[in-house]
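Student: coords below, sequence missing:
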């Protein structure tokens with residue numbers, strides 16, 4: 001639109017707010033929170049843990065291994081054969097070197113399965129703890 005010298009009307013200002021910078025900031029914040037979030041890996045099954053008076057909470061326990069009443073070993077929502085436990089622990093420990101192994105053994109499981117998982121974790125040179133209810 002051309003204005004003439006005689007036209008005294010003010011130029012129309014662009015109405016509205018430019019949202020592009022705000023959307024850029026929101027997008028960058030979203031990426032930041034996704035990258036810095038620590039995701040909890042679950043074993044994939046529910047186990048009935050035994051009761052212990054000396055149980056306490058442990059931080060940085062990101063490798064969770066569950067043993068159900070049928071002595072099946074579960075990690076990361078997948079059933080693992082006893083021979084593959086060490087490799088799976090080493091892989092998950094490489095993702096989070098600060099983490100340790102928490103074994104959630106069902107109270108009706110046999111100690112052989114528990115000892116198999118403990119031995120595999122120790123061979124992988126990872127700290128081990130057994131989950132219990134306080």
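Tutor: Cool, got the structure. Computed from a predicted model, the values in this text were never measured in an experiment. Numbering: from 1, shown residues only.

Student: C-alpha from now on. contacts and neighbour counts both.
Tutor: Fine.

Student: all helices for the protein, in order.
Tutor: 20-36, 85-95, 111-123 (DSSP state H).

Student: what number of residues lie near residue 63?
Tutor: Counted by other C-alpha atoms under 10 Å, the residues lying close to residue 63 total 25.

Student: What separation is there between the closest residue to residue 93 other than its chain neighbours and residue 27?
Tutor: Using C-alpha to C-alpha, 6 or more residues apart in numbering and skipping residues adjacent in sequence, the residue nearest residue 93 is residue 99, 6.6 Å away. According to C-alpha to C-alpha, to the nearest Å, residue 99 stands 30 Å off from residue 27.

Student: who has more neighbours, those two?
Tutor: For residue 99 and residue 27, the more surrounded residue by other C-alpha under 10 Å is residue 99, and the numbers stand at 19 against 11.

Student: Any chance of the backbone angles for the more buried one?
Tutor: phi -80, psi 160 (degrees, to the nearest 10).

Student: Confirm for me that it is in contact with residue 64.
Tutor: No - counting by C-alpha atoms under 8 Å, residue 99 sits too far from residue 64 to count as a contact (9.9 Å).
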